[in-house]
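Peer 1: what follows is a predicted structure for the sequence shown.
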Amino acid sequence: MTMTAKSVQLLLFLFLFGSAISCEGQKEPARSQNPNGHQKGLEILNSEKDPYFVETEAISSPYGPTSITRNIMQDRNGKIWLATWEGIIQYDGKSFTNLTNKEGLRRFHVFSVLEDSKGNLWFGTIGAGVYRYDGKSFTNFTTREGLAYDNVISIYEDKSGNIWFSTAGGASCFDGKSFRNITTDQGLTNNDVNVVAEDKTGKFWFGTRGYACFYDGKTFTRFTNAEGAPFENVRSIIQDTKGNIWLGGNDGLWRYDGSSFTNFTKNFVGYIYEDSKGNIWTSSNDGNMETWVLSRYDALPLPSGIAPATRIKTEKGMYFGISEDRDGGIWLGTLNGVYRYDGKTFNSFKGD
């Protein structure tokens, strides 16, 4: 049987990061015994090049990336930043510039991106730690500077301006000078962290490859639903503008309003995003690993109302990060590049 390029990409992604519908379980396995999780980057750590990095020669192009695009963000100046397997790519509305090629950065694929409150851009990689970009130059932080692990899955800024890195070896908090690392030794439920988020009360929520938990400043508590069941392998956590906590992962999509739970789907959910209108967007599988769906849950003018999901786009191959630009366009990362949805049509930036 002949495999398509998209099939090869999907199998490679699953090989590197594990099946999205599997779970590592309660116990934190030894790193050498977990070849299917985020720790697959062990053999490439401290090397100068990731063997899975997608080589491109172009620095500037009218066309977008053609490989995995894991996350997207628009900065305060209106530029779009893409975290891709081709490196760090910037889009100014006319052309795509590969900063990894232009600046001669280490050749590792990029997994996450954040603009902090000071205007710095942060990029998490798989194997090369994290880069900070101040608009002029890049600074690389790795385990040598105190980062918990050099595989950085997501990045988050808390209310105090601390930058949190979800890594395959714990959560790292950077205060601008040094890193403070949180692991199972401090009470975290699992060292393989997917996401960190702070709610309006100051509690910190952690989604891990094991169980989700929250930290109230004193104690880590495993988070469970009304039946007492824990949330496993949570990949995305947000608090919406109404104060609800949303969790997406192995157990599907859940909303917690502080006292009650609502489950919207049992299918695996990889990413959750709230747009400027209060609509909730998700990327999820469609009951199997081959077909994925971009869905929108429209906000209703009711205190706790939410409409059923509208299926916006369905196709074979994984969907990843979701982001809204200042014009209301929705950006979606895929196995072979990025889409922008204007409410009617999708632009893949691939030309004719």
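Peer 2: Happy to help now that I have it. Numbering: from 1, shown residues only.
Peer 1: how long is stretch 142-162 from one end to the other?
Peer 2: Counting by Cα to Cα, to the nearest Å, you get 17 Å between the two ends of stretch 142-162.
Peer 1: could you tell me how many residues sit around E290?
Peer 2: 13 (other Cβ atoms under 10 Å). (Glycine included, C-beta is placed from N, CA and C.)
Peer 1: what do you get for G252?
Peer 2: Other residues lying near G252 total 17 when counted by other Cβ under 10 Å.
Peer 1: got a list of what G64 touches?
Peer 2: Counting by Cβ atoms under 8 Å, 6 or more residues apart in numbering, G64 touches 82, 89, 91, 96, 337-338, 348-350.
Peer 1: what of T167?
Peer 2: With contacts defined as Cβ under 8 Å, 6+ apart, the neighbours of T167 are 147-153, 193.
Peer 1: neighbours around T201, how many?
Peer 2: A count of nearby residues for T201, using other Cβ under 10 Å, gives 11.
Peer 1: report pLDDT for it.
Peer 2: T201 is assigned 96 on the pLDDT scale.
Peer 1: for it, give me its contacts.
Peer 2: Not one residue lies near T201 by Cβ under 8 Å, 6+ apart.
Peer 1: go on, the one 5 residues further on?
Peer 2: Neighbour list for F206: 171, 188-189, 193, 195-196, 212-215, 220 [criterion: Cβ under 8 Å, 6+ apart].
Peer 1: and the helix or strand that contains it, how far out from the chain's middle?
Peer 2: Using DSSP states H and E, F206 sits within strand 204-208. When C-alpha coordinates are averaged (Cα atoms, centre = their mean, to the nearest Å), strand 204-208 and its chain have centres 13 Å apart.
Peer 1: give me the buried positions along that strand.
Peer 2: By neighbour count on 16 or more other Cβ atoms under 10 Å, the buried set for strand 204-208 is 204-208.
Peer 1: by mean pLDDT, point me to the weakest helix or strand of this protein.
Peer 2: helix 5-17 (a mean of 46; mean pLDDT, DSSP states H and E).
Peer 1: need the next SSE after that helix, C-terminal direction.
Peer 2: strand 60-61.
Peer 1: between the contacts of G64, which is nearest F165?
Peer 2: Within those, proximity to F165 (Cβ to Cβ) peaks at L82, which comes in at 19.1 Å.
Peer 1: bridge partners for that closest one, pull those for me.
Peer 2: Going by DSSP bridges, L82 is paired in beta bridges with I72, I89.
Peer 1: which element is R311 on?
Peer 2: For R311, the host element (DSSP H and E) is strand 306-316.
Peer 1: before we move on, back to that, packing partners for the helix or strand following the strand holding F206?
Peer 2: Sequence-wise, the next helix or strand downstream of strand 204-208 (DSSP H and E) is strand 213-215. Judged by 3 or more Cβ pairs under 8 Å, 6 or more residues apart in numbering; DSSP states H and E, the packing partners of strand 213-215 are strand 204-208, strand 220-222.
Peer 1: give the contact list for the most centrally placed residue in the chain.
Peer 2: With distances taken as Cα atoms, centre = their mean, the residue of the chain nearest its centroid is S154 (5.0 Å). Applying Cβ under 8 Å, 6+ apart to S154 gives the contacts 111-112, 124, 165-166, 194-196.
Peer 1: hmm, back to that, run through the neighbouring helices and strands of the helix or strand just after the strand holding R311.
Peer 2: Remark: after strand 306-316, the chain's next helix or strand is strand 319-324, criterion DSSP H and E. Judged by 3+ Cβ pairs under 8 Å, 6+ apart, strand 319-324 is in contact with strand 69-74, strand 269-274, strand 280-285, strand 291-299, strand 330-334.
Peer 1: parallel or antiparallel, list what pairs with strand 319-324.
Peer 2: When DSSP bridges is applied, strand 319-324 pairs with strand 330-334 (antiparallel).
Peer 1: can you check what angle separates the strand it pairs with from strand 269-274?
Peer 2: 160 degrees (axes from the mean of the first three to the mean of the last three Cα atoms, to 10 degrees).
Peer 1: out of the helices and strands packed on strand 213-215, nearest to F231?
Peer 2: Among those, strand 204-208 sits nearest to F231 (Cβ to Cβ), with 7.7 Å.
Peer 1: can I get the closest one in CSV, CA atoms only?
Peer 2: This file holds the C-alpha atoms of strand 204-208, laid out as CSV (Å, rounded to 0.1, in the frame of the first residue of the first chain):
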residue,chain,number,x,y,z
PHE,A,204,-3.2,27.3,39.0
TRP,A,205,-4.5,24.5,36.9
PHE,A,206,-2.2,21.8,35.4
GLY,A,207,-3.1,19.4,32.6
THR,A,208,-0.7,16.5,32.4
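Peer 1: ok, I330 to D134 distance?
Peer 2: According to Cβ to Cβ, to the nearest Å, I330 stands 29 Å off from D134.
Peer 1: could you give the bridge partners of the nearest residue in space to A309 that is not next to it in sequence?
Peer 2: Closest residue to A309 apart from its sequence neighbours, by Cβ to Cβ, 6 or more residues apart in numbering: S295 at 4.3 Å. Beta-bridge partners of S295, counted by DSSP bridges, are T282, R311.
Peer 1: for S295, give me its contacts.
Peer 2: 281-284, 309-312.
Peer 1: just the buried ones from those?
Peer 2: 281-284, 309.
Peer 1: so of those, which two are at opposite extremes in space?
Peer 2: Pairwise over the buried ones among the contacts of S295, using Cβ to Cβ, the maximum falls at S283 and A309, 11.9 Å.
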